[in-house]
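Asks: Predicted model follows, preceded by the sequence.
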Number of protein chains: 2
Amino acid sequence: MFFAYLFLPAILSAQSAPKTLAEKLGYPPDTKLLIVHADDLGVTHSVNAASVKALESGAVNSASIMVPCPWFPEIADYAKAHPEMDFGLHFTLTSERIYYRWGPVAPTDKVSSLVDKNGYFHHDWTPATRIDPREAEIELRAQIDRAYAMGVKPTHLDSHQYRLDSTNKELFAVALGLAHQYKLPFFVTRDWFADFPYLESTLGPDDVVIDHTITIEPAVFVAANTAPEKWAAFYNAALQNLKPGVTELVIHLAYDDSEMRAATRERDTWGAAWRQRDFDYFTSPAFRQLLHDQNIQLVTWRQIASLSKNK
Amino acid sequence: MFFAYLFLPAILSAQSAPKTLAEKLGYPPDTKLLIVHADDLGVTHSVNAASVKALESGAVNSASIMVPCPWFPEIADYAKAHPEMDFGLHFTLTSERIYYRWGPVAPTDKVSSLVDKNGYFHHDWTPATRIDPREAEIELRAQIDRAYAMGVKPTHLDSHQYRLDSTNKELFAVALGLAHQYKLPFFVTRDWFADFPYLESTLGPDDVVIDHTITIEPAVFVAANTAPEKWAAFYNAALQNLKPGVTELVIHLAYDDSEMRAATRERDTWGAAWRQRDFDYFTSPAFRQLLHDQNIQLVTWRQIASLSKNK
């Protein structure tokens, strides 16, 4: 009896120690697991065509779709015809280009804080931009509803330009609330917890948290303009130094063609040449070989989503 | 006194005989006047790029812009920077493609008869499609207002797919009413009066009526697939047989590139190859030579609009 009392806390502790995401997925906790995730599907035909090509090549294994964008119907049709693929919704509340723009799915007069004077989503959010979280919820729900209505069955949710993660607690709570309601995971990584403490405090015990995320930055783009090998060098180093657990690698694919150059011509960042470099790297045999050499396992949001559904 | 009474009716008749449009423009009535008019600017980057190239080449001299479409900001920026060019607004109430779509400028809940269940403009109008003319007016006014707000100063108005001319008297009256309110001519030709008698009965004495219009039809496209020379042959014959008065030649320019092929891939009519053929013809030296040989004078909507403004 004495011993039983003595060991009970230890036993309870061992039983209740939360499993890592890797363990929940059936891997030893030190396994290096990777989601190779293409963002921004639907924004242009060039992005759709390059992303589908990369997904079909097999080394890019997940992607998310911008419902308000003009080329959403093309990728929705593809997603409907390929229900095995790992497509999420890329919640979109900005229209960040100048010569090519889009606006809300919801009626603009119901989401007036989200739009500029011409009816497009704001080009950018500044500290002076007052986004009403209730209107964000109306719009994001409209995006989800249009996606389902047009045949997309998303495996996950995430946020264009990380706006819903990095703006304030209220907007994050809107995204997370929709995730709960539609029983879909919303992309959050503990890499962001230090910068945005409200993330951790808003998440519940059943919410999925990705261990790490990696994405290439403008400084590499600038460096690669004079030394092209620096593009691959960034990704090679990232993969060689990949940490145990689940990492989402966020990439941006397109062809450097006339449509993409025109759509992005006011600035190079995340532009046509940038996205062509990503396409070239992630469809290269060298990338596949590195995954193999580093013993990196690919994992999808579909697998992650199935954990909470099977609970 | 007797003679005065005798001749008064003849004098009055001569004074009040309506001048032809050619005469109002300062030409003898038997002059062959031509507007070479590119439709659908704003719909894709490919259309914008090819149309601007053709306008700058000089032989295409007028165009109209689709305000609700994703690439409107690009062509609005161009129009603002080129105030001398002859740009009108191409009133748009349909989204006729499948993989690439657009919706209203006005809030969708204010124009619900114009949209399908996913919030895009109807793909097509059938006899069962009930378009509320009051909602059409709300939407078209929103298109005009966005155009002005973004720096476009239109010289004229016309209707995508001729929907506002060829559906019913109520919709034509909406378009004409907006034309009056904004003091812009709305494209109507007497070639359509027999098929749509309400046009003539709705027009007022001060409304501009274009004498004739010419546009290429799907049968020529099909014929040109096996005999490419038939494309130019159609236009050559049309120009060689041009009637006196003002004719609007309605053309559709784009490049046969990946964006345009994807945007139009469900059918060939008015598709990428069609529009490349138009681009090739209307930028050819042969077209310019034919205008010269046939003594055809080019005229713009700006000149036509200035007639009513100077009244």
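Replies: Great, that's in hand.
Asks: State the distance from residue A:229 to residue A:292.
Replies: Between residue A:229 and residue A:292 the distance is 21 Å, computed by CB to CB, to the nearest Å. In short, each C-beta sits where N, CA and C put it, glycine included.
Asks: Next to chain B, which bits of chain A? Give me the list.
Replies: Neighbours of chain B within chain A, by CB under 8 Å from any CB of the partner chain: A:44-46, A:48-49, A:69-74, A:77, A:98-102, A:105-110, A:117-120, A:142, A:146, A:149-150, A:255, A:257-259, A:262-263.
Asks: now, which of those residues lie within helices?
Replies: The helices, defined by DSSP state H, take in A:45-46, A:48-49, A:72-74, A:77, A:142, A:146, A:149, A:258-259, A:262-263 from the residues of chain A next to chain B.
Asks: where in the stretch 51-200 of chain A is pLDDT low?
Replies: In the predicted model of the stretch 51-200 of chain A, residues A:58 satisfy pLDDT under 70.
Asks: Could you pull out the strands in chain A for me?
Replies: Assigned by DSSP state E, the strands in chain A fall at A:32-41, A:62-65, A:87-91, A:157-159, A:212-215, A:245-251, A:296-298.
Asks: Need those strands in JSON lines (columns: mean neighbour count).
Replies: As requested, the strands of chain A are exported to JSON lines (neighbours: other CB atoms under 10 Å in any protein chain shown):
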{"stretch": "strand A:32-41", "mean neighbour count": "24"}
{"stretch": "strand A:62-65", "mean neighbour count": "27"}
{"stretch": "strand A:87-91", "mean neighbour count": "28"}
{"stretch": "strand A:157-159", "mean neighbour count": "24"}
{"stretch": "strand A:212-215", "mean neighbour count": "17"}
{"stretch": "strand A:245-251", "mean neighbour count": "23"}
{"stretch": "strand A:296-298", "mean neighbour count": "16"}
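Asks: got a markdown table for these, with distance to residue B:39 too?
Replies: A markdown table is the format used below for those (distance: least, CB to CB, whole Å):
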| stretch | distance to residue B:39 |
| --- | --- |
| strand A:32-41 | 30 |
| strand A:62-65 | 31 |
| strand A:87-91 | 33 |
| strand A:157-159 | 38 |
| strand A:212-215 | 42 |
| strand A:245-251 | 38 |
| strand A:296-298 | 48 |
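Asks: so which of those strands comes closest to residue B:94?
Replies: strand A:62-65 (24.6 Å; CB to CB).
Asks: circling back to that earlier point, in PyMOL, select just the buried ones from the ones in helices among the residues of chain A next to chain B.
Replies: Buried residues among these (16 or more other CB atoms under 10 Å in any protein chain shown), as a PyMOL selection:
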select buried, chain A and resi 45+46+48+49+72+73+74+142+146+258+259+262+263
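Asks: how close does the most centrally placed residue in chain A get to chain B?
Replies: Central residue of chain A (CA atoms, centre = their mean): residue A:158, 4.7 Å from the mean position. From residue A:158 over to chain B the distance is 22 Å, taken as CB to the nearest CB, to the nearest Å.
Asks: The nearest residue to that residue once chain neighbours are set aside - how many residues pack around it?
Replies: Nearest residue to residue A:158 in three dimensions, chain neighbours excluded: residue A:187, at 3.8 Å (CB to CB, 6 or more residues apart in numbering or on different chains). Residue A:187 has 27 neighbours, counted by other CB atoms under 10 Å in any protein chain shown.
Asks: Check the gap between residue A:187 and chain B for me.
Replies: Taken as CB to the nearest CB, the span from residue A:187 to chain B is 25 Å.
Asks: before we move on, back to that, please name the residues that touch the residue nearest to the centre of chain A.
Replies: A:39, A:64, A:88, A:89, A:90, A:91, A:186, A:187 (CB atoms under 8 Å, 6 or more residues apart in numbering or on different chains).
Asks: between the residues you listed, which is nearest chain B?
Replies: residue A:89 (14.8 Å; CB to the nearest CB).
Asks: List the single closest residue to residue A:96 in space, sequence neighbours excluded.
Replies: Nearest residue to residue A:96 in three dimensions, chain neighbours excluded: residue A:123, at 6.1 Å (CB to CB, 6+ apart).
Asks: Just confirm the one you found contacts residue A:93, I think it does.
Replies: No - the criterion here is CB atoms under 8 Å, and residue A:123 misses it with residue A:93 at 11.6 Å.
Asks: Who has more neighbours out of the two?
Replies: Remark: of residue A:123 and residue A:93, residue A:93 carries more neighbours, 26 against 14, as counted by other CB under 10 Å.
Asks: which residues sit against stretch A:114-128?
Replies: For stretch A:114-128, using CB under 8 Å, 6+ apart, the contacting residues are A:68, A:92-98, A:101-104, A:108, A:129, A:131-132, A:135-136, A:139, A:163, A:167, B:73, B:105, B:142, B:146, B:149-150.
Asks: could you redo the last one with a cut-off of 6 Å?
Replies: A:93-95, A:101, A:103-104, A:108, A:129, A:135, A:139, B:105, B:146, B:149 (CB atoms under 6 Å, 6 or more residues apart in numbering or on different chains).
Asks: can you give me the offset of that stretch from its chain's centre?
Replies: Offset of stretch A:114-128 from its chain centre (CA atoms, centre = their mean, to the nearest Å): 22 Å.
Asks: Now the terminal residues of that stretch, how far apart.
Replies: For stretch A:114-128, the first-to-last residue distance is 13 Å (CA to CA, to the nearest Å).
Asks: And for stretch A:24-39?
Replies: Stretch A:24-39 has an end-to-end distance of 25 Å (CA to CA).
Asks: Identify all contacting residues around it.
Replies: Contacts of stretch A:24-39 (CB under 6 Å, 6+ apart): A:20, A:22-23, A:51, A:60-63, A:242, A:244, A:246-253, A:296-299, A:303, A:307.
Asks: Leaving out sequence neighbours, find the closest residue to the one residue in the stretch 151-300 of chain A that gets nearest to chain B.
Replies: In the stretch 151-300 of chain A, the residue that lies nearest chain B is residue A:259 (3.9 Å; CB to the nearest CB). Excluding its sequence neighbours, the residue lying closest to residue A:259 (CB to CB, 6+ apart) is residue B:259, at 3.9 Å.
Asks: Residue A:94 now?
Replies: residue A:121 (5.1 Å).
Asks: Let me know how buried that neighbour is, in neighbour terms.
Replies: Residues near residue A:121, counting by other CB under 10 Å: 23.
Asks: Over to residue A:25?
Replies: Residues within reach of residue A:25, counting by other CB under 10 Å, total 17.
Asks: ditto for the one 4 residues further on
Replies: A count of neighbours around residue A:29, defined by other CB under 10 Å, yields 11.
Asks: how much space between it and residue A:22?
Replies: Distance from residue A:29 to residue A:22, by CB to CB: 5 Å.
Asks: ok, how many other residues are close to residue A:268?
Replies: For residue A:268, using other CB under 10 Å, the count is 14.
Asks: swap that for residue A:279, sorry
Replies: 26.
Asks: hang on, the earlier thing: please name whichever of the strands of chain A is nearest to residue B:175.
Replies: strand A:62-65 (36.4 Å).
Asks: Any regions of the stretch 201-311 of chain A where pLDDT drops low?
Replies: Applying pLDDT under 70 to the stretch 201-311 of chain A flags the ranges A:309-311.
Asks: Can you show me the helices along it?
Replies: A:218-226, A:229-240, A:258-263, A:272-282, A:285-293, A:301-309 (DSSP state H, counting those that start in this stretch).
Asks: among the ones you listed, which is the most enclosed?
Replies: Of all these, helix A:258-263 has the most neighbours on average by mean count of other CB atoms under 10 Å in any protein chain shown, namely a mean of 23.
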